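Asker: predicted model, plus sequence, below.
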Amino acid sequence: MRRLETIVRSDQVDWTRILGLVAGIMMLVFLWPAYRHWSKNSPKAKKGDWASAIFALSAVMLLVLLLILSVR
């Protein structure tokens, strides 16, 4: 909790934090129309889509597990 207080303190606001905040707000403003377009015009899921997604995710998890075990 103490760390959060030091981040939020107003006497430690400098130009990098202000610039980061402005950049974040600009990114949200510019990406919002694209997000709305993507959510309205996204393709609908078909019958085998979930099985393919689970297969791909499990393959990635297996690869990561294999890499972790190989460095031990």
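Answerer: Alright, I've got the coordinates.
Asker: check what pLDDT residue 47 gets.
Answerer: Looking at residue 47, its pLDDT stands at 88.
Asker: and residue 10, by the same measure?
Answerer: 58.
Asker: now residue 58, what are its backbone angles?
Answerer: phi -70, psi -30 (degrees, to the nearest 10).
Asker: how many neighbours does it have?
Answerer: Look at residue 58: counted by other CB atoms under 10 Å, it has 10 neighbours. Where C-beta positions appear, they are placed from N, C-alpha and C, glycine not excepted.
Asker: same question for the one 3 residues further on.
Answerer: Neighbour count for residue 61, taken as other CB under 10 Å: 10.
Asker: ditto for the one 4 residues further on
Answerer: Other residues within reach of residue 65 by the criterion other CB under 10 Å amount to 10.
Asker: tell me the SS of it?
Answerer: helix (DSSP: H, G, I helix; E, B strand; the rest coil).
Asker: do the one 4 residues further on as well
Answerer: Using three-state DSSP, the structure places residue 69 in helix.
Asker: look up how far residue 19 lies from it.
Answerer: Shown here: residue 69 relative to residue 19, a distance of 43 Å by CB to CB, to the nearest Å.
Asker: quick one: the helices in the protein?
Answerer: 2-8, 15-40, 49-70 (DSSP state H).
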